Structure formats: structure tokens, C-alpha cells
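Novice: below is the sequence, then the predicted model.
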Amino acid sequence: MAAAAPSSASLLLPRSLTAATTRHSVNLRFPHRRRPHNSSFSVSASVSVSNPAVRTGSDDLVSSLLSKVVQTDGGVLLKKEEHKEVSEVAQELQKYCVNEPVKCPLIFGEWDVVYCSQPTSPGGGYRSAFGRLFFKTKQMIQVVEAPDIVRNKISFSAFGFLDGEVSLNGKLKALDTEWIQVVFEAPELKLGSWEVQYGGQSEVKLRITYVDEKIRLGLGSRGSLFVFQRR
């Protein structure tokens, strides 16, 4: 992390399976090759997974992960053991990550930030226990545009009646095949018709651990797990 310390303005990027066995039968049919009494045979394969609630295969893992994090207010509503379950699925899913994810065009697009293992990290003070008394989060969005533009926005309702948002514009830099760095300009706050820019630059680092057409996973430099769902 560079000299500019991450602030609450860092918003949507971090400031920083009882084994069970599932048996699958696969029938393989081969052409008749002068074996008049035996034209087919079956192979039975058993696969062990760490969590009986999670089936093997990236699609199943993605579905399982999303079912655990969507509509949890970015993770705020989850209990400690539920955060652990999310982490276990994410660790299993990252085994399916493409090589050199930083170079994968799937990282670009519009993303909803649906989970953070430190739920108050995205949005900083606006998402803290005290901040949530006054600011109700509506959306947390990240837009990544080729080749190097990142735009973060958190929209909220202030005091139950006043719409507002905080936005950040940043430049993305690939540090290696998995890690990216984003340097953000000072955040902009809109509250009703009032607009103001405050604070200074902030810098974050994120390791991309999985990406596909539906989701993207990231680990912050301080260990926070983020789940992004494509809009």
C-alpha cells in the first residue's frame, strides 16, 4: 500500500468442507466392436467435497455462494458461522479461476457489491454501526471500464427521506497477474441538490481470485473477501 492511507472513502474496494462423499454414476456407451454379448458398460465415480451442502463444479459453487450473500446488506445480516461458510465456498471456487485473471476481459462491466467479510468496509463511515442509523444503503456499485477506469458509487437514503450518494473515480493498474491497484480521486458527496468534494486521494489493492460471467471475487490487501455480482 502506498503512502496515501485508505480512508472511509475507499468505498467498494477493501482498505485493505466433516468430509462427505457424493456419488455420481456416469454411463458411457461405446460402439459394438465384435463383442456380441456386451455393447455397453458403466463407470461409477465418487467425489469427495468438503461441505455436503456444496456440490462440485464452478456453476454449483457460484450458485451456492450467491444464495448465501445476496440480500444480506453486503454481509451485515450474516452471523459469524455464516461468514465462515461463505469463506469456505469462496476458497473452493477460486480453484476454478482462470490463469492471469487481471488480463481476463470478464473483469470489465458493471458490478453490484453484494458481500464483504468486513461488512462496514465498503462505504466507510456511511456503513459503520453508527452511520447506518442515519444512512440506509440502497446500492453499492462498481464499474470497471477498459482499459483502466474504475468508478465506485454507494447510494443511500439519509434520515429516511433524503436521497444521496458518494462516488469515487479511480485509475486501475495491474501489479501482476492477480493483483490490481486503484488510486482514487477525492470522493464526491451528493445529498439532495447539494454536492461537495471532500478529503483527498486514496489507494487500494485487490487480488482477483475468481471471475466469470456472473461473479467476481476479490481479496483485499488486509484479507477482506469481496463478492461482486454482475448487473
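Specialist: Thanks, I have the structure now. Residues are numbered from 1 along each chain as shown.

Novice: going forward, measure contacts between C-alpha atoms and count neighbours the same way
Specialist: Noted.

Novice: which helix or strand in this protein has the lowest average pLDDT?
Specialist: Least confident helix or strand, the chain: strand 40-49 with a mean of 30, by mean pLDDT, DSSP states H and E.

Novice: so what touches the next helix-or-strand element following that strand?
Specialist: Using DSSP states H and E, the helix or strand that follows strand 40-49 towards the C-terminus is helix 58-69. Residues external to helix 58-69 that are found in contact with it (C-alpha atoms under 8 Å, 6 or more residues apart in numbering): 54-55, 75, 82, 86, 89-90, 92-93, 96, 114-115, 215.

Novice: so which of the residues you listed belong to strands?
Specialist: Judged by DSSP state E, the subset of these located in strands is 114-115, 215.

Novice: between those residues, which sits nearest residue 142?
Specialist: residue 114 (10.7 Å; C-alpha to C-alpha).

Novice: one step back: nearest to residue 149 among the contacts of helix 58-69?
Specialist: Proximity of the contacts of helix 58-69 to residue 149 was ranked by C-alpha to C-alpha; the top entry is residue 215 with 18.9 Å.

Novice: now that closest one. Nearest residue, chain neighbours left out?
Specialist: Leaving aside its sequence neighbours, residue 215 sits nearest to residue 229 (C-alpha to C-alpha, 6 or more residues apart in numbering; 4.5 Å).

Novice: if I look at residue 104, how far off is residue 97?
Specialist: Distance, residue 104 to residue 97, by C-alpha to C-alpha, to the nearest Å: 10 Å.
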